[in-house]
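**Q** Okay, predicted coordinates and the sequence, questions at the end:
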Amino acid sequence: MTRLILWDIDHTLIDTRGVGRELSAAAFLQSTGQTMREQAKIDGITEPVIFRETAKLHGLTTDRADFERFARALTEEHLKCAADLRERGHALPGAAAALDALDALGIRQTVVSGNIRPVSEIKLQVFGLDRHILWELGAYGEDNDVRAELVKLSLRRSDTAAEEAVLIGDTPADVEGGLKNGVRVVAVASGRSGEAVLRDAGAEAVLPDLRDTESLIKAVHGEGR
């Protein structure tokens, strides 16, 4: 029986339509004093790694204190620009219905995200997708650099066996993070990774997006495998 859903955020539940990168650039400038000319790979990567690798692209060597300064600046930028994020970004089709349907089934829901927790909360609050999320059960970018370790941490925080959890995400990194912990993965091809790529990565079920709530529920229950 599925007792817990581990949600990814970006390109699974929401799309910031470029606002996220702008806010990261502002936080990078504020915390390092340098303009962010380019950004390291972000898909499926945790925030500390993105910051560290982006800093390297600018000739900077950083430590944990530097990341924490960046994380504070990033939170401030998201709070300051929440209205812009709401106006320019959007919840992905079917996201709200999916969250509601899973809640109606009595399944707990949390977030496993490379985003830091404050930013995760702001992103879902802005689009009204936070009402069913049990934040204290999740795991976030500041908790560990490695996504698989975030999944493990969330299972421990929620006291949930791996076979009772399902991870829903949009990247091969999401799939890998779940599989390394024995967690089933339902992948959605609403990001940059196509259905074939996600299937090849090992996702148990792959959906084009979250529009078909019935198909999502069946996938979560392991039906039609």
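**A** Looks like it came in fine.
**Q** in this protein, which spans are strands?
**A** Ranges of strands in the chain, per DSSP state E, are 4-7, 14-15, 90-91, 108-111, 165-169, 184-188, 205-207.
**Q** Take the ones you listed and lay them out in CSV including mean neighbour count and distance to Phe70.
**A** (C-beta placed from N, C-alpha, C; glycine too.) Supplementary listing: the strands of the chain in CSV, determined by neighbours: other C-beta atoms under 10 Å; distance: least, C-beta to C-beta, whole Å:
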stretch, mean neighbour count, distance to Phe70
strand 4-7, 26, 24
strand 14-15, 20, 21
strand 90-91, 17, 26
strand 108-111, 22, 20
strand 165-169, 27, 24
strand 184-188, 26, 29
strand 205-207, 21, 34
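**Q** And for stretch 83-91, what's in contact with it?
**A** The contact list for stretch 83-91, computed with C-beta atoms under 8 Å, 6 or more residues apart in numbering, reads 13-20, 23, 78, 122-123, 126-129.
**Q** Report the buried residues of that stretch.
**A** Residues of stretch 83-91 classed as buried by neighbour count (16 or more other C-beta atoms under 10 Å): Leu85, Gly89, Ala91.
**Q** Also stretch 33-48?
**A** Met36, Ile42, Asp43, Gly44, Ile45, Thr46, Glu47, Pro48.
**Q** among these, which two are most distant?
**A** Based on C-beta to C-beta, the longest span within those runs between Met36 and Gly44 and measures 20.0 Å.
**Q** got any ranges where this structure has weak pLDDT?
**A** When residues are selected by pLDDT under 70, those of the chain lie in 224-225.
**Q** in it, which helix has the most residues?
**A** Across the chain, the helix with the greatest residue count (assigned by DSSP state H) is helix 64-80.
**Q** how far is that one from where the chain is centred?
**A** Helix 64-80 has its C-alpha centroid displaced from the chain centroid by 18 Å (C-alpha atoms, centre = their mean, to the nearest Å).
**Q** list the buried ones in that helix?
**A** Asp66, Phe67, Arg69, Phe70, Ala71, Ala73, Leu74, Thr75, Glu77, His78.
**Q** For it, which outside residues touch it?
**A** Against helix 64-80 from outside (C-beta under 8 Å, 6+ apart): 23-24, 26-28, 30-32, 47-48, 51-52, 55, 85, 116, 118-119, 122-123, 142.
**Q** Now restrict these to buried residues only.
**A** Neighbour-count burial (16+ other C-beta under 10 Å) applied to the contacts of helix 64-80 gives 23-24, 26-28, 31-32, 47-48, 51-52, 55, 85, 116, 118-119, 122-123, 142.
**Q** can you redo the buried residues of helix 64-80 as a markdown table with distance to Arg184?
**A** Putting these into a markdown table (distance: C-beta to C-beta, whole Å) gives the following:
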| residue | distance to Arg184 |
| --- | --- |
| Asp66 | 37 |
| Phe67 | 32 |
| Arg69 | 38 |
| Phe70 | 34 |
| Ala71 | 31 |
| Ala73 | 37 |
| Leu74 | 32 |
| Thr75 | 32 |
| Glu77 | 35 |
| His78 | 31 |
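**Q** Of those, which is the nearest to Leu102?
**A** The shortest gap between Leu102 and any of the buried residues of helix 64-80 belongs to His78, at 25.6 Å (C-beta to C-beta).
**Q** excluding its backbone neighbours, what's nearest the closest one?
**A** With C-beta to C-beta, 6 or more residues apart in numbering as the criterion, His78 has its nearest non-adjacent residue at 4.5 Å, and that residue is Ile122.
**Q** Specify the residue ranges that define each domain of this protein.
**A** As assigned by automatic domain parsing, the chain contains the domains 4-16+90-220, 19-86.
**Q** Thanks again, I'm all set now.
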